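*Asks:* Return a 3D structure for these sequence lines:
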Amino acid sequence: MDWKYIIKAVLGLGALLLGMSSCLQTQEFPPEPEIEYDSFQLVDSTDALGNPVTICKVIISFTDGDGDIGLRESDTTGRFSPDSLFYNNLLVDYYEEQNGQMTLIELEPSYSGRIPYITPPGQNKQLRGSIEYDMDVSFRNSDRIQFDIRLVDRSFNVSNTVTTPIINLD
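*Replies:* As a prediction, this is how the structure comes out:
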């Protein structure tokens, strides 16, 4: 009997079983959304009237343990009403450089927006994904801007805040 062959076979089978069991394990995420900044890209485009605009595409990745990310179009009452803080579920603070400092600018309307309903079917509701969010930055008073971003789930859990790097528009 060739013991080297048997040892290799047992080790190979053990490695295979270990690899398969790691595929079956699910990663646990907390019920509050967690986000990470991934990247941004400035894109020249045109608006609905054909005017040239600059779009800042910001990409964030997210996880959510109970999968209650996003809103339906009909989610417009109570705490989701248009005059509520949580009408938008992607909260964006906008900053411009003024006198060498990044200064929060209150815009009306703001850059905040609504992420559509994306809860998965089935028993495991955990979500992991990315969001690409477009913002028209054509008409700003500074060549250097920055964003703080938070994600809110339907249980009103607010994620951590991510900050983009300073974005040079010139």
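*Asks:* surely residue 160 meets residue 150?
*Replies:* Yes: taking contacts as Cβ atoms under 8 Å, residue 160 lies within contact range of residue 150: 7.4 Å. In this view, the C-beta of every residue, glycine as well, is placed from N, C-alpha and C.
*Asks:* higher neighbour count, these two?
*Replies:* Neighbour count, other Cβ atoms under 10 Å: between residue 160 and residue 150, residue 150 has more, with 18 against 12.
*Asks:* Which strand residues bridge the residue nearest in space to the middle of the chain?
*Replies:* Nearest to the geometric centre of the chain sits residue 60, at 3.7 Å (Cα atoms, centre = their mean). Counting by DSSP bridges, residue 60 is bridged to residue 37, residue 131.
*Asks:* confidence score at it?
*Replies:* Note on residue 60: pLDDT of 97.
*Asks:* I figured it hits residue 37, correct?
*Replies:* Yes: with contact defined as Cβ under 8 Å, residue 60 reaches residue 37; the gap is 5.8 Å.
*Asks:* Find residues that contact each of those two.
*Replies:* Residues within reach of residue 60 and of residue 37 at once, by Cβ atoms under 8 Å, 6 or more residues apart in numbering, are 149, 162.
*Asks:* now this structure, which segments are flagged as low pLDDT?
*Replies:* 1-26 (pLDDT under 70).
*Asks:* can you give me the helices in it?
*Replies:* Counting by DSSP state H, the segments of the chain that form helices are 3-24.
*Asks:* residue ranges for the strands of it, please.
*Replies:* Assigned by DSSP state E, the chain shows strands spanning 34-46, 52-64, 90-98, 101-105, 127-136, 144-151, 162-163, 167-168.
*Asks:* Tell me which other helices or strands the third one touches.
*Replies:* The reference is to strand 90-98. If you count contacts as 3 or more Cβ pairs under 8 Å, 6 or more residues apart in numbering; DSSP states H and E, strand 90-98 packs onto strand 101-105, strand 127-136, strand 144-151.
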